[in-house]
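Enquirer: Let's see this in three dimensions:
(chains A, B, C and D)
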There are 2 protein chains.
Amino acid sequence: MFERVLIAEDHESSNISVRKTLEDLGIEIAHYVFYCDDALTWIQKARQNDEPYDLLITDLSFEEDHNKQRITGGTELIKAVRQVQPNLKILVFSAENKAAVIDALYDELGINAYVRKARNDAHELKLAINTIYKSNKYISANLRQGIKAKNAYEFADVDIAIISLLSQGIPQKNIPFHLQEKGISPSGLSSVEKRLNSMREALEFSKNEQLVVYCKDFGLI
Amino acid sequence: MFERVLIAEDHESSNISVRKTLEDLGIEIAHYVFYCDDALTWIQKARQNDEPYDLLITDLSFEEDHNKQRITGGTELIKAVRQVQPNLKILVFSAENKAAVIDALYDELGINAYVRKARNDAHELKLAINTIYKSNKYISANLRQGIKAKNAYEFADVDIAIISLLSQGIPQKNIPFHLQEKGISPSGLSSVEKRLNSMREALEFSKNEQLVVYCKDFGLI
DNA sequence: CCCGGGGTTACGGTTTCCCGTAAGAAAGGC
DNA sequence: GCCTTTCTTACGGGAAACCGTAACCCCGGG
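Expert: Purely as a prediction, here's the structure:
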């Protein structure tokens, strides 16, 4: 079993139960921190002392407070950790439930497990830890289905850029200009109209207001 | 100190740490359930046996699963409990952070304390329990400011109705009809236009898309 | 009774958005 | 090279939304 585990979790209550779970698994060395910066520091120090961690359990969203941080969230923390200790196994423990976000964690950051804070999370946490100790990857059962039943429409980069601009109050007729600024193509006004049209059609919407709330719900903007 | 406490919380991990917190406070009888329906049942039974609870700690959002429930969320649970045992003290422990929602809990449901799942939540939980045991009401410090610095604009019922309809894809020109159906006034098209206009102006928006995402963020729709 | 004011509704002109069509440009096949 | 095919862009008519103005209605004060 893992011998040296680090917990990065700002919510005191979650932090407590993760520690208790590790205790149940017989893991003796489980350090915990409430800030991302601390997490990185501890990992670096542990490596220097030739006692590197073999598992990091981290949340995604860390709340800002008076204690200003360089690293502000779990995603950034994981990126930074990968620079320092690429082989460190990483388990993300978060309430995030958007397929787009979780997919990106596995695909782009190569995390080993994602456990969602939900009904049986403590039990699932144990399961996930056991699994990634033996193999290398754990994908939650109730997640697998969710990821498959993803979006009815595959949003391209242009699409989310357009919707994002709309949600910021940019008039449609000015969008071509902003797209060019960002080097996104196509950028013609007609193309913008056409993409909006096909998005509305695919999702059976009639107004752009529906598009923005939809993308908001799925964490695309 | 409280003698008989019931915990309604679907997340296993949160449930664990709340129990541990109560343990730290020396509360001996702390039952816990994962479903709202169970919570109500236990409260009713305890009353019938002349051993009523004196504190309920509940979450707000309970996730649906195969186990279909009559009561689907914390708000509904509180309403039901108030029918059965009006004097029961209630502490809501949730991640909800929208002033509109939390205000309503205090004002309309008369809860005794709200503790937000956040950085020092376990510590604050103890504080809140101690406070409502002695006095009757606990309002978190970091909440007080939030509630004050509410919304820049006071949304009327008409306003949220209009924005809600917009977000459902109803064309603006048809909104008067839908408002009349719901018995909301004013319902004239000009009034709709005027209200939208003043909302945009107050919030310094230029497009309705901004309004819908704003209301989405604040949990108004 | 008349008058005035707040709130609601009705009516035009202007702008923006929507959508179909067609012209133009880039990529690939023969 | 030329010709499809596909993607992008340009144009124009029609609908919706925007905005200022004015008429209307309901109520309380004089």
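Enquirer: residues in contact with A:Asn67?
Expert: A:Tyr35 (Cβ atoms under 8 Å, 6 or more residues apart in numbering or on different chains). In short, each C-beta sits where N, CA and C put it, glycine included.
Enquirer: pLDDT value on it, please?
Expert: pLDDT, A:Asn67: 90.
Enquirer: same check, this time on the one 3 residues further on
Expert: Reading off the per-residue confidence, A:Arg70 sits at a pLDDT of 94.
Enquirer: which regions of chain A sit below the pLDDT cut-off?
Expert: Regions of chain A meeting the criterion pLDDT under 70 cover residues A:142-152.
Enquirer: Which helix or strand contains the residue of it most remote from its centre?
Expert: Of all residues in chain A, A:Ser190 has its C-alpha farthest from the mean position, at 34.3 Å, by Cα atoms, centre = their mean. Assigned by DSSP states H and E, A:Ser190 falls within helix A:189-203.
Enquirer: Tell me the buried residues in that helix?
Expert: A:191-192, A:195-196, A:199-200 (16 or more other Cβ atoms under 10 Å in any protein chain shown).
Enquirer: Over to stretch A:88-108?
Expert: Neighbour-count burial for stretch A:88-108 [16+ other Cβ under 10 Å]: A:88-96, A:99-102, A:105-106.
Enquirer: so, if you compare the buried residues of helix A:189-203, which one comes nearest to DNA strand C?
Expert: Among these, A:Leu196 lies closest to DNA strand C (Cβ to the nearest atom of the strand), at 5.5 Å.
Enquirer: which residues does the nearest residue to A:Ile29 once chain neighbours are set aside contact?
Expert: The shortest distance from A:Ile29 to any non-neighbouring residue, by Cβ to Cβ, 6 or more residues apart in numbering or on different chains, is to A:Arg4 (4.8 Å). Residues in contact with A:Arg4 (Cβ under 8 Å, 6+ apart) are A:29, A:31, A:46, A:51-55.
Enquirer: Next, count neighbours for the residue nearest to A:Ile170 when sequence neighbours are not counted.
Expert: Excluding its sequence neighbours, the residue lying closest to A:Ile170 (Cβ to Cβ, 6+ apart) is A:His178, at 6.0 Å. Neighbours of A:His178 under the rule other Cβ atoms under 10 Å in any protein chain shown: 16.
Enquirer: sec struct for A:His178, please.
Expert: helix (DSSP: H, G, I helix; E, B strand; the rest coil).
Enquirer: Wait, it touches A:Leu165, no?
Expert: Yes. Under the criterion of Cβ atoms under 8 Å, A:His178 makes contact with A:Leu165 at 5.5 Å.
Enquirer: Do I have it right that A:Ile184 meets A:Ala161?
Expert: Yes. Counting by Cβ under 8 Å, A:Ala161 is a contact partner of A:Ile184 at 5.4 Å.
Enquirer: So which of the two has more stuff around it?
Expert: More crowded of A:Ile184 and A:Ala161, by other Cβ under 10 Å: A:Ala161, with 20 against 14.
Enquirer: can the strand or helix carrying the more buried one be found next to DNA strand C?
Expert: Counting by DSSP H and E, the element that carries A:Ala161 is helix A:157-167. No. Helix A:157-167 does not reach DNA strand C (Cβ under 7 Å from any atom of the strand); its nearest approach is 8.0 Å.
Enquirer: what angle do that helix and helix A:189-203 make?
Expert: Calculated by axes from the mean of the first three to the mean of the last three Cα atoms, to 10 degrees, helix A:157-167 forms an angle of 90 degrees with helix A:189-203.
Enquirer: Contact partners for the closest residue to A:Ile160 other than its chain neighbours?
Expert: Leaving aside its chain neighbours, A:Ile160 sits nearest to A:Leu220 (5.2 Å; criterion: Cβ to Cβ, 6+ apart). By Cβ under 8 Å, 6+ apart, the contact list for A:Leu220 reads A:100, A:155, A:160, A:163.
Enquirer: Which of the residues you listed ranks first by neighbour count?
Expert: In those, the most neighbours by other Cβ under 10 Å go to A:Ile163, 23 neighbours.
Enquirer: Neighbours of the nearest residue to that residue once chain neighbours are set aside, how many?
Expert: In space, A:Ile163 comes closest to A:Cys215 once its chain neighbours are excluded; the distance is 5.2 Å by Cβ to Cβ, 6+ apart. Counted with other Cβ under 10 Å, the neighbours of A:Cys215 add up to 22.
Enquirer: all strands for chain A, in order.
Expert: A:4-8, A:29-33, A:55-58, A:89-94, A:113-116, A:138-139 (DSSP state E).
Enquirer: Output the ones you listed as a markdown table; include the columns distance to A:Thr131.
Expert: Output for those, formatted as a markdown table (distance: least, Cβ to Cβ, whole Å):
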| stretch | distance to A:Thr131 |
| --- | --- |
| strand A:4-8 | 15 |
| strand A:29-33 | 18 |
| strand A:55-58 | 12 |
| strand A:89-94 | 10 |
| strand A:113-116 | 7 |
| strand A:138-139 | 4 |
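Enquirer: Of those, which is nearest B:Phe205?
Expert: Closest to B:Phe205 of the strands of chain A, according to Cβ to Cβ: strand A:89-94, at 31.3 Å.
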